[in-house]
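>>> Structure of the sequence below:
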Amino acid sequence: MKKLISLIQKRTPLTHSRGLLGEALAASYLKKQGYKILKKRFRYRLGEIDLIAQKKDQLAFVEVKTRSKAWKHTALEAIGPKKLLALEGTAYYFLENHPEITQCIKEMIFLALTVSLEKPKPKIQVTRLQAY
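Below you'll find the model as predicted:
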């Protein structure tokens, strides 16, 4: 993993790889916070949810934003209202098609995790977007 972080920090043109690394780091962070990752890159015609995670009776729909260095803007500024609506629509589609998960959920939240691939160690910032 350290080698991959180092490669991406050198500004390779592989932005897709940078995004995948950010998602992997975000998933690892969430696991350390007690979440179980249920799905990665869940797609629906409205959009994609990077991570879907569960912690007890809470279900989190997570958008991951990966940057090669520290970023001044908030995650909400990076996402925007259209993306947020697409996240909500995709989340409801997921819930409709996974009733076994819906039965044990009391709270649904939307999180944005901004991953900065800074040296010597990446940093993760969590922003709670909405809760239901």
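>>> quick one: low-confidence parts of the chain?
When the per-residue scores of the chain are filtered using pLDDT under 70, the ranges that remain are 1-16, 69-76, 131-132.
>>> can you pull the contacts of the residue lying closest to residue 91 once chain neighbours are set aside?
Once its chain neighbours are removed from consideration, residue 91 has its nearest residue in residue 61; the separation is 4.6 Å (Cβ to Cβ, 6 or more residues apart in numbering). (Glycine included, C-beta is placed from N, CA and C.) If a contact means Cβ atoms under 8 Å, 6 or more residues apart in numbering, then residue 61 has 49, 51, 52, 87, 90, 91, 94, 108, 109, 110, 111 as its contacts.
>>> got a list of contacts for the top helix by length along the chain?
When the chain is parsed with DSSP state H, its longest helix is helix 75-96. The contact list for helix 75-96, computed with Cβ under 8 Å, 6+ apart, reads 39, 42-44, 46-49, 52, 61, 63, 65, 71, 101-102, 108, 110, 112-114, 125, 127, 129-130.
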